[in-house]
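1. Below are the sequence and a predicted model for it; my questions follow.
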Amino acid sequence: MAEHRESSHPPSDPHPALTRGGSAAAFGGDERPMRLQLAGALLLGIVLVASGLYLWRRPHTPLEPGAGESSSADVPALPVDEAGIVSGIVDAGPPSRVHLSDPRVLACMDRGPKKTPSDQCDHIKPIEDALSRAVEQTATCVPPLGPAGTIEFVADVSFTRHKVRILLPRAGRSVTDRKVVSACAAAVRSAVQSVALDGMDHVHARYKISLTATYAAKT
């Protein structure tokens with residue numbers, strides 16, 4: 001009689017095939033999401049690198065108009081004097097070859113026998129400034145290659161006749177060339193003829209104002 005032999009290994013797993021298949025299915029289900037995550041991370045890295053390269057190589061655009069204005073507003077203003085001229089920074093260029101003395105009043109007169117001493121005459125500053133400016137602006141009337149010398153200019157101002165005459169006394173000049181003296185007289189007369197005497201403050205009817213110009217020789 002044949003004996004029924006039982007297996008020495010009890011069937012701990014009634015369905016071993018199903019168990020192995022289920023484990024494989026479980027591992028397979030875990031690997032797919034992991035691969036998706038790795039692919040997403042790689043794609044994100046590529047996007048970040050591409051964005052960085054684009055920003056680095058992007059051409060720089062010029063500043064907006066408002067930006068330039070705001071930056072210029074931060075620049076400190078240059079110091080100016082009372083006349084509005086920048087002081088101590090701007091180069092005034094080569095010095096002028098003519099040096100002017102301070103204007104002085106030689107005489108002031110009115111109708112009648114009364115005479116006023118010259119030191120008691122009032123100053124007509126607009127006339128003094130106009131005469132100084134005219135002599136300085138016409139300094140080329142003396143040739144630059146000529147010798148140094150002086151010329152006295154006298155403005156004979158008549159408020160009665162509303163006229164300004166320019167005189168060049170012989171005693172007040174060292175320049176002897178008549179052509180040069182005539183050219184300087186004509187140039188200064190032309191420069192001061194536009195001075196308007198109407199409305200100008202004055203005490204006396206007539207004034208004689210003197211100004212001496214020294215012309216330096218070209219070195």
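-> Thanks, I have it. Residues are numbered from 1 along each chain as shown.
2. Could I get the contacting residues of Val195?
-> The contact partners of Val195, by CB atoms under 8 Å, 6 or more residues apart in numbering, come to Pro126, Ile127, Ala130, Val164. In this view, the C-beta of every residue, glycine as well, is placed from N, C-alpha and C.
3. Could you turn the buried ones of the residues you listed into a PyMOL selection?
-> In PyMOL syntax, the buried subset of the contacts of Val195 is picked out as below (16 or more other CB atoms under 10 Å):
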select buried, resi 127+130+164
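4. Tell me the helix or strand right after the worst-scoring helix or strand of the chain on mean pLDDT.
-> The helix or strand of the chain with the lowest confidence, counting by mean pLDDT, DSSP states H and E, is helix 65-73 at a mean of 46. Downstream of helix 65-73, the first helix or strand assigned by DSSP states H and E is strand 98-100.
5. Identify all contacting residues around that following strand.
-> Under CB under 8 Å, 6+ apart, the answer for strand 98-100 is Ser132, Val135, Glu136, Ala139, Val142, Leu211, Thr212, Ala213, Thr214, Tyr215, Ala216.
6. What's the ChimeraX syntax to select whichever of the residues you listed are buried?
-> Buried residues within the contacts of strand 98-100, by 16+ other CB under 10 Å, are selected in ChimeraX with:
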select :132,135,139,142,211,212,213,215,216
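7. Out of the contacts of strand 98-100, which is nearest to Met34?
-> Ranked by distance to Met34 (CB to CB), the contacts of strand 98-100 are led by Glu136 at 93.9 Å.
8. Does that closest one touch Ser96 like I think?
-> Yes. Using CB atoms under 8 Å, Glu136 is in contact with Ser96, at 6.5 Å.
9. Surely Val142 and Gly149 touch.
-> Yes. Val142 lies in contact with Gly149 (CB under 8 Å); the separation is 7.3 Å.
10. Quick check: neighbours shared by the two?
-> Val175, Tyr215.
11. which residues touch Ser118?
-> Listed by CB under 8 Å, 6+ apart, the contact set of Ser118 reads Val105, Leu106, Ala107, Cys108.
12. give me phi/psi at it?
-> Per-residue torsions, Ser118: phi -60, psi -30 (degrees, to the nearest 10).
13. distance of it from Val105?
-> 6 Å (CB to CB, to the nearest Å).
14. Quick check: the two most widely separated of the contacts of Val195?
-> Pro126 and Val164 (10.8 Å).
15. Would you map the strands across this protein?
-> Under the criterion DSSP state E, the chain contains strands at 98-100, 104-109, 149-158, 163-167, 206-215.
16. Going by contacts, tell me the helices and strands next to the fourth one.
-> Going back to what we said before, that points to strand 163-167. Of the remaining helices and strands, those touching strand 163-167 by 3 or more CB pairs under 8 Å, 6 or more residues apart in numbering; DSSP states H and E are strand 149-158, helix 178-192.
17. out of those, deepest packed?
-> Looking across the helices and strands packed on strand 163-167 with neighbours counted as mean count of other CB atoms under 10 Å, the highest average goes to strand 149-158: a mean of 20.
18. sorry, back to before: looking at the contacts of strand 98-100, spot the one nearest Val154.
-> Using CB to CB, those come closest to Val154 at Leu211, 7.8 Å.
19. domains for the chain, by residue range?
-> 21-56, 98-215 (automatic domain parsing).
20. lowest-confidence stretch among the ones you listed?
-> Out of those, domain 21-56 stands lowest, with a mean of 65 (criterion: mean pLDDT).
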